[in-house]
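Need a 3D model of the following:
(chains A, B, C and D)
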Protein chains: 2
Amino acid sequence: MSNRVRIADVAAAAGVSTATVSRALSSPGVVGAETRERVMAAVLATGYRINGAARDLRMQQPRAILVLAPNLANTFFSRIIAAIQDVARQAGLAVQISDSRAGTEVLEAIVQSGRADGILLLDGALPPDMVRNWTLPVMQLCEWNDGYALPGLRIDNSAAARVAVDHLADLGHGHILHVAGPPENVLSHMRQAGFDAAMSARQLSAVVHDGGFTIAAGAAAAHVWADMAERPTAVFTASDECAFGFISECYRLGFRVPRDVSVIGFDDVDFAGHFIPPLTTIHQPRARLGRKAAERLVGALLNGAPLGTGYELIPPHLVVRESTAALPR
Amino acid sequence: MSNRVRIADVAAAAGVSTATVSRALSSPGVVGAETRERVMAAVLATGYRINGAARDLRMQQPRAILVLAPNLANTFFSRIIAAIQDVARQAGLAVQISDSRAGTEVLEAIVQSGRADGILLLDGALPPDMVRNWTLPVMQLCEWNDGYALPGLRIDNSAAARVAVDHLADLGHGHILHVAGPPENVLSHMRQAGFDAAMSARQLSAVVHDGGFTIAAGAAAAHVWADMAERPTAVFTASDECAFGFISECYRLGFRVPRDVSVIGFDDVDFAGHFIPPLTTIHQPRARLGRKAAERLVGALLNGAPLGTGYELIPPHLVVRESTAALPR
DNA sequence: CAGTTCTATGTAATCGATTACATCAGCCTG
DNA sequence: CAGGCTGATGTAATCGATTACATAGAACTG
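The predicted structure is shown next:
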């Protein structure tokens, strides 16, 4: 701690009491003009910086919300976090972020440090026992886990898969590959379940390949697809990144999208509309998701009310671009 | 504040003193086994959650570092922030993030809240007067501003531009377009200055177009390029995103990269290697930059030593992929 | 068994800012 | 001019956890 200057030091330098210094700083209107200037000068001269811990202790207000995301380097989260930041800022709350995969002891230490008053949880793969024991308000966002028994917000993933299948079927595709996400992930399950249900409802020929959300997983899936005896004419991938990898690798293998295969992604990340070809994909309203979740949590923190248990499901929205085309007949 | 349970309540419930509760929680070894269990039971029964402000006040340790970035939704920052998070975590510090473009009053409020003990500043366009007045340790990272008079870390941007020009010149390109970044940005200036210097040193024909770091800016630049009477045979863009936009739009206009024009980007974002074609670009070691900057700041905070004024320049590194090719002669 | 050491626990000071309440000077009013 | 009012400032309690120091009892030693 380099900051050895306390409010008492400023008071001494200005020849006033600590109360006056505090008032001059936080409600300048109530101290005399001349006094205020002396205080300000003393603040500058001493290099005073407020001690946030002392202030927060005395003020007894919530201070920060903690965002836990499985992979901070993932571009999917950045826009969500930006929206959260925006809401929190307006409420005077700091936003603290942490990688939820840092290890359970580390995570527990962070959560139990008491520095955050509420949590926005973007990871559905933490040990439910640990999460259930957390005694602060927690909102689930995007990913989730029924074992947590927590309120949350997400898009309707299985409905989204259905919308994707509908779109491809309407274009005449009857043999469709789903490149699924990582096997242990809830989103993977829901998207695959929606795909399976929609496909069998329409009695179409479905193939599922366990992939992942990454570019590399998509590229690998391209080889699997290319090696198939009867190649599906359309592919629904578990994420945009996966779709990018799939399409890039197809290109390298000599195939063209959508000429040789139609591709639908998932997420509608910033880049999706600028890809070659522009990607047809399920839109995730990331800013809105982040904003709504943050508003609910912040609201609960501010008036001390419980979060409730409600789960909100946002209906899916398909953005049709150029990576999907009608099957030539 | 829903958390009305204090350590005294737990102590009462367990029939011990507050000191014993505190000890049972933070150094379980020194309290008797039977007492410890009573305390733990009381903690559970009361739903006790520690008050971080009180603890931090008493402990007098630094608590958090604040990361200020101009656009949290930008994918460039996410990996840097992940690295920072990693370093901070190991030092027991929280990472707080905020959008540096939130407005000066808002920013000032955040910085002066005393909740953070040090700052990592990724924005070179804040008012120097404001930044110079900050009394906590600040490190500049990637972007910078000489007016801040602060220590920092970044890659050598003008040297990087030179490396890009060298590469293109070696491939036989003598007429090169630079799509510059936003006019008011330091990075734009340094990269353009390096470009200009390298080009005139080799007596090549340089054209500069004011662009931006975005996909849209790159796409717009593609039209400018296409409309030129004598089209440059190579393009050096100010960012990867800009390069993506340029290449995508060229494709749409019927041109092919690198057949019709070679393109070099800047940053080497995750996607660069998977683009079509894989992008030749200047690599920014984002994780390393974040890590080193965080280590220096955290180190200073932990032992109360000043940051010093040293500025570290990381030498550039060109990653050659497939978006650049030799000029057919 | 008196004296010493050790273990477990309690008492109370402490961290630094905020603010209710007290005080005081100056001014106004009838 | 006494009494009341206003505005500026000071005094001291307060927020909740930690921990130096004190204490009491148990265990051990010669």
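
mind listing what A:Val179 touches?
A:209, A:211, A:217-218, A:221, A:235-238, A:242, A:246 (Cβ atoms under 8 Å, 6 or more residues apart in numbering or on different chains). Backbone N, C-alpha and C define where each C-beta goes, glycine included.

So which of those sit within strands?
Secondary structure defined by DSSP state E assigns A:209, A:235-237 of the contacts of A:Val179 to strands.

Which one of these is nearest to chain B?
Chain B lies nearest to A:Thr237 out of the ones in strands among the contacts of A:Val179, by Cβ to the nearest Cβ, at 13.8 Å.

confidence score at that closest one?
We have a pLDDT of 98 for A:Thr237.

Just grab the bridge partners of it for me.
A:Val179 (DSSP bridges).

wait, what's in contact with the closest residue to A:Cys250 other than its chain neighbours?
For A:Cys250, ignoring the flanking residues on the chain, the nearest one in space by Cβ to Cβ, 6 or more residues apart in numbering or on different chains is A:Ala222 at 4.9 Å. Residues near A:Ala222 by Cβ under 8 Å, 6+ apart: A:245-250, A:253.

now swap in A:Val269 and tell me
Neighbour list for A:Val269: A:75-76, A:240-241 [criterion: Cβ under 8 Å, 6+ apart].

Stretch A:30-40 and chain B in contact?
No: residues of stretch A:30-40 are not located near chain B by Cβ under 8 Å from any Cβ of the partner chain, the shortest gap being 12.2 Å.

Show me which residues of the stretch 151-300 of chain A sit near chain B.
Counting by Cβ under 8 Å from any Cβ, the stretch 151-300 of chain A comes close to chain B at A:215, A:219, A:244-245, A:247-248, A:251, A:270-271, A:274-276.

want to throw those into TSV with neighbour count and pLDDT?
Shown next, in TSV, are these (neighbours: other Cβ atoms under 10 Å in any protein chain shown; pLDDT from 0 to 100):
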residue	neighbour count	pLDDT
A:Ile215	22	91
A:Ala219	21	94
A:Phe244	27	94
A:Gly245	27	94
A:Ile247	29	95
A:Ser248	24	91
A:Tyr251	16	90
A:Asp270	18	86
A:Phe271	22	86
A:His274	20	86
A:Phe275	26	87
A:Ile276	21	85
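
Which of those sits closest to B:Leu150?
Nearest to B:Leu150 among these is A:Asp270, at 30.8 Å by Cβ to Cβ.

Thought A:Thr75 was touching the closest one, still the case?
Yes: contact criterion Cβ atoms under 8 Å: A:Asp270 and A:Thr75 qualify, at 7.5 Å.

can you map out the helices along chain A?
For chain A, the helices defined by DSSP state H cover A:7-14, A:18-26, A:33-46, A:52-59, A:75-90, A:104-112, A:128-133, A:157-170, A:186-201, A:215-226, A:240-252, A:286-303.

Out of those helices, which one sits most buried?
Most buried of the helices of chain A, by mean neighbour count (mean count of other Cβ atoms under 10 Å in any protein chain shown): helix A:240-252, with a mean of 25.

Now do it and helix A:75-90, the angle between them.
Angle, helix A:240-252 to helix A:75-90, by axes from the mean of the first three to the mean of the last three Cα atoms, to 10 degrees: 150 degrees.

now for helix A:240-252, which elements pack on it?
On a contact count with 3 or more Cβ pairs under 8 Å, 6 or more residues apart in numbering or on different chains; DSSP states H and E, helix A:240-252 meets helix A:215-226, strand A:234-237, strand A:262-267.

so which of the ones you listed comes closest to A:Ala88?
strand A:262-267 (23.5 Å).

Partner strands of the closest one and their direction?
Strand pairing for strand A:262-267, using DSSP bridges, gives strand A:234-237 (parallel), strand A:280-283 (parallel).

And the contacts of that strand?
Residues external to strand A:262-267 that are found in contact with it (Cβ under 8 Å, 6+ apart): A:76, A:160, A:164, A:167-168, A:171, A:173, A:191, A:233-244, A:246-247, A:257, A:272, A:279-284, A:318, A:323-325, A:327.

hmm, 6 Å instead?
For strand A:262-267, the external contacting residues (Cβ atoms under 6 Å, 6 or more residues apart in numbering or on different chains) are A:164, A:234-240, A:243, A:247, A:257, A:279-282, A:284, A:323-325.

what's the answer for stretch A:15-22, then?
Applying Cβ under 6 Å, 6+ apart, the contact partners of stretch A:15-22 are A:7-8, A:10-11, A:31, A:39.

Which of the residues you listed scores worst on pLDDT?
Ranking those by pLDDT, A:Val31 lands last with 92.

quick one: stretch A:122-135 to chain centroid distance?
Here the centre of stretch A:122-135 is set off from its chain's centre by 16 Å, with Cα atoms, centre = their mean, to the nearest Å.

What of stretch A:313-327?
Taking Cα atoms, centre = their mean, one finds stretch A:313-327 lying 21 Å from the centre of the chain it belongs to.

can I get the contacts of A:Val269 in a markdown table with pLDDT and distance to DNA strand D?
As requested, those are exported to a markdown table (pLDDT from 0 to 100; distance: Cβ to the nearest atom of the strand, whole Å):
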| residue | pLDDT | distance to DNA strand D |
| --- | --- | --- |
| A:Thr75 | 76 | 38 |
| A:Phe76 | 84 | 36 |
| A:Asp240 | 96 | 45 |
| A:Glu241 | 93 | 43 |
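
nearest residue to A:Phe244 other than its sequence neighbours?
Nearest residue to A:Phe244 in three dimensions, chain neighbours excluded: A:Ile215, at 5.7 Å (Cβ to Cβ, 6+ apart).

what's the answer for A:Arg38, then?
With sequence-adjacent residues excluded and distances taken as Cβ to Cβ, 6+ apart, A:Arg38 is closest to A:Ala14, at 4.6 Å.

Touching, that neighbour and A:Arg36? I think so.
No: here A:Ala14 does not reach A:Arg36: they are 9.6 Å apart, not a contact under Cβ atoms under 6 Å.

Could you tell me which residues touch both of these two?
The overlap between the contact sets of A:Ala14 and A:Arg36 (Cβ under 6 Å, 6+ apart) is empty.

Tell me which residues touch A:Pro278, please.
Taking Cβ under 6 Å, 6+ apart, we find A:Pro278 in contact with A:321-322.

one more time with 8 Å
A:Pro278 makes contact with A:272, A:321-323 under the criterion Cβ under 8 Å, 6+ apart.

who touches A:Val207 in this structure?
Listed by Cβ under 8 Å, 6+ apart, the contact partners of A:Val207 are A:175-178, A:228, A:232.

Max pairwise distance over these: which two?
The most widely separated members of those, counting by Cβ to Cβ, are A:His178 and A:Met228 (13.3 Å).

what pairs with A:Leu318 across the strands?
Applying DSSP bridges to A:Leu318, the residues it is bridged with are A:Ile282.

Near DNA strand C, which residues of chain A are found?
Neighbours of DNA strand C within chain A, by Cβ under 7 Å from any atom of the strand: A:4, A:6-8, A:18-19, A:22-23, A:25-26, A:48, A:50-51, A:54-55, A:57-59.

All set now, cheers.
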